[in-house]
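Peer 1: structure here, sequence nowhere to be found:
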């Protein structure tokens with residue numbers, strides 16, 4: 001292997017004129033290393049988070065802390081020492097001063113990396129996996145900005161906070177080392193934590209509900225986002241069409257695909273209804289997203305679910 005040797009009298013700036021590595025300043029090396037640690041999908045995710053952030057509220061909720069949040073009406077279950085007498089003296093009603101919860105909470109993130117998620121029906125449409133990754137990283141970006149801890153469900157990465165945690169998660173997703181299992185991981189989560197799970201969720205709704213139940217019994221509240229390609233929703237094919245399984249060695253051929261389109265739509269909606277009912281049964285939420293639509297709506301829906309705010313109507317219906 002050839003090796004370039006720098007003369008003792010040659011300065012770093014001079015060496016850099018011929019394009020050698022010795023011309024890189026420490027700042028440039030740091031920038032290049034940072035660029036290597038920021039996969040393109042993270043750059044897109046941060047752009048989405050930047051467009052979503054101005055129009056949303058933080059994940060504010062009542063709890064122990066020193067920051068004042070709001071006044072609310074006194075309830076019979078409240079202790080008398082919680083009454084704010086100065087505020088109550090301004091009216092004929094009693095009010096309680098609430099503070100904002102300031103403890104960081106771990107939100108566990110999972111995005112499906114199985115073979116079926118690599119599907120796309122067009123060159124201008126991202127794969128389901130790429131869109132799921134972008135949405136997951138955008139949510140992670142918003143959580144990190146809010147001071148929350150993020151963890152990768154079913155992965156060896158420990159939960160952490162800050163930009164380092166975000167870059168580490170993005171690198172893990174971009175390296176292809178994430179688990180390729182299509183089932184929701186059944187790893188035990190800390191009690192009362194939160195979870196965000198992004199997948200096409202095309203497997204048996206009963207199996208998915210069983211995985212949700214295993215987490216819900218530990219007090220974990222979660223949110224499911226189903227990501228589908230437009231062809232999977234619309235079934236736009238006509239004439240003789242052969243469908244080939246991705247994760248199973250199966251083939252299905254229709255002579256006139258357009259004749260089964262109505263039955264297909266009904267079956268898909270029934271599948272979604274089962275997923276939605278299974279999630280609601282355990283206090284979880286379920287929303288949908290198409291890869292030919294902007295991801296911002298899906299990110300807003302997940303953030304609203306984490307915040308306990310109403311989920312935008314556009315995210316609760318197909319497309």
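Peer 2: All right, it came through fine. All figures in this text were calculated on a predicted structure; none of them were measured in a lab. Numbers count the residues shown, from 1 in each chain.

Peer 1: for this protein, which helix is longest?
Peer 2: Ranked by number of residues, the top helix in the chain under DSSP state H is helix 261-281.

Peer 1: right, and the helix or strand after that one?
Peer 2: Helices and strands here follow DSSP states H and E; after helix 261-281, the next one along the chain is strand 285-290.

Peer 1: list the helices and strands that next one packs on?
Peer 2: Judged by 3 or more C-beta pairs under 8 Å, 6 or more residues apart in numbering; DSSP states H and E, strand 285-290 is in contact with strand 221-228, helix 261-281, helix 296-307, helix 313-316. In short, each C-beta sits where N, CA and C put it, glycine included.

Peer 1: and stretch 235-252, what's buried?
Peer 2: 235, 237 (16 or more other C-beta atoms under 10 Å).

Peer 1: and for residue 42, nearest residue in space, chain neighbours not counted?
Peer 2: Spatial nearest neighbour of residue 42, chain neighbours left out: residue 170 (3.8 Å); criterion: C-beta to C-beta, 6 or more residues apart in numbering.

Peer 1: before we move on, back to that, show me what counts as buried in the longest helix of the chain.
Peer 2: Within helix 261-281, the residues that count as buried by 16+ other C-beta under 10 Å are 261, 268, 271-272, 275-276, 278-279.

Peer 1: what of stretch 187-200?
Peer 2: For stretch 187-200, using 16+ other C-beta under 10 Å, the buried residues are 189, 193-200.

Peer 1: need those in CSV (columns: pLDDT and distance to residue 107).
Peer 2: Shown next, in CSV, are those (pLDDT from 0 to 100; distance: C-beta to C-beta, whole Å):
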residue, pLDDT, distance to residue 107
189, 89, 10
193, 86, 7
194, 91, 5
195, 94, 7
196, 95, 6
197, 96, 11
198, 96, 13
199, 96, 17
200, 96, 21
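
Peer 1: please report phi then psi for residue 244.
Peer 2: Main-chain torsions, residue 244, degrees, to the nearest 10: phi -120, psi 130.

Peer 1: hang on, the earlier thing: from the buried residues of helix 261-281, which single one is nearest residue 233?
Peer 2: Nearest to residue 233 among the buried residues of helix 261-281: residue 268, at 6.9 Å, using C-beta to C-beta.

Peer 1: hmm, residue 231 and the closest one touching each other?
Peer 2: No. Judged on C-beta atoms under 8 Å, residue 268 makes no contact with residue 231 at a distance of 11.9 Å.

Peer 1: any weak-confidence spans in this protein?
Peer 2: 1-39, 53-69, 99-104, 177-179, 247, 309-319 (pLDDT under 70).

Peer 1: secondary structure class for residue 109?
Peer 2: Residue 109 carries the three-state label strand when classified by DSSP: H, G, I helix; E, B strand; the rest coil.

Peer 1: relative to strand 221-228, how tilted is the longest helix of the chain?
Peer 2: Interaxial angle, helix 261-281 versus strand 221-228 (axes from the mean of the first three to the mean of the last three C-alpha atoms, to 10 degrees): 170 degrees.

Peer 1: between helix 261-281 and strand 285-290, how big is the angle?
Peer 2: Interaxial angle, helix 261-281 versus strand 285-290 (the same axes, to 10 degrees): 150 degrees.

Peer 1: packing partners of helix 261-281?
Peer 2: helix 205-216, strand 221-228, strand 285-290.

Peer 1: could those be laid out in TSV, adding mean neighbour count and distance to residue 76?
Peer 2: Converted to TSV, the helices and strands packed on helix 261-281 look like this (neighbours: other C-beta atoms under 10 Å; distance: least, C-beta to C-beta, whole Å):
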stretch	mean neighbour count	distance to residue 76
helix 205-216	17	30
strand 221-228	24	27
strand 285-290	22	30
